[in-house]
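Novice: Sequence plus the predicted model coming up.
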Amino acid sequence: MLRSTKQKSRGVIEWLCLISGLIVAVTSRLELRQFSTADALGFYCLNRDPQVLKYTGDSPFENVQDAADFIRQYDQYRLNGFGRWAVYIKDTQEYIGFCGLSRARGTSDVDLGFRISREYWRNGYATEAANAAIVLASQVYGLKRLVGRVMAENLASIHTLQRVGFIPAPSQLDTEIWRHFYMELDQVAASIGDGVRIV
């Protein structure tokens, strides 16, 4: 009976998070939240912009419902405890994209990724969100290493990875299209956590 009650409670909590988006970290300007169906319209618009998708290899959503379905089926939090997180501007509560962690199936590598709506480019939001994700990776999830994979022509994202402390991986991992980076989290300066509040 107790187990059944716990399972029901967990189900309610998961449902509430899916509807409202649990905040996992706050920076000076941003909130990182678990994906929720409230993100669906913003997520759809983000992935409809060909300039945003140019270096991702992803296809756009056909409609807002497809974005909502993706969110409902997103299983990284359940499988790993972490995942990509929706990024909101704290003061205006505007959805501007996502940033976070992803563990590829069949590997121990955890990837840091980010995607910000074009109208918010060149404001330092990707860097700020990435720093928050790095703090979560190290302090909450106890990860020792992160990797990043970026298309060689995507100079802005390469710059962002290097700015937050990633270094190029051995060149044999690279291809004509992709460049690989990594970060050893035990070598990350403690100051990277300044201004990041874990919720």
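Specialist: That came through, no problem. Fair warning: this is a prediction, and the values are worked out from it, not measured in the lab.
Novice: For the rest of this, base every contact and every neighbour count on C-alpha atoms.
Specialist: Fine.
Novice: what stretches of the protein score poorly on pLDDT?
Specialist: 1-20, 187-191, 193-194 (pLDDT under 70).
Novice: What ranges does it have for its strands?
Specialist: Here the chain has its strands, by DSSP state E, at 23-26, 30-34, 84-89, 95-103, 110-116, 145-151, 167-168, 178-184, 197-198.
Novice: who wins for proximity to residue 133 among these?
Specialist: When the strands of the chain are compared by C-alpha to C-alpha, strand 95-103 sits nearest residue 133, at 5.4 Å.
Novice: Show me what that closest one is packed against.
Specialist: When contacts are defined as 3 or more C-alpha pairs under 8 Å, 6 or more residues apart in numbering; DSSP states H and E, strand 95-103 packs onto helix 40-46, helix 76-80, strand 84-89, strand 110-116, helix 125-135.
Novice: Can you give the contact residues for it?
Specialist: 32, 39, 42-43, 46, 76, 80, 82-89, 109-117, 120, 126, 129-130, 133, 137 (C-alpha atoms under 8 Å, 6 or more residues apart in numbering).
Novice: one more time with 7 Å
Specialist: 42-43, 46, 82-89, 109-117, 120, 129-130, 133 (C-alpha atoms under 7 Å, 6 or more residues apart in numbering).
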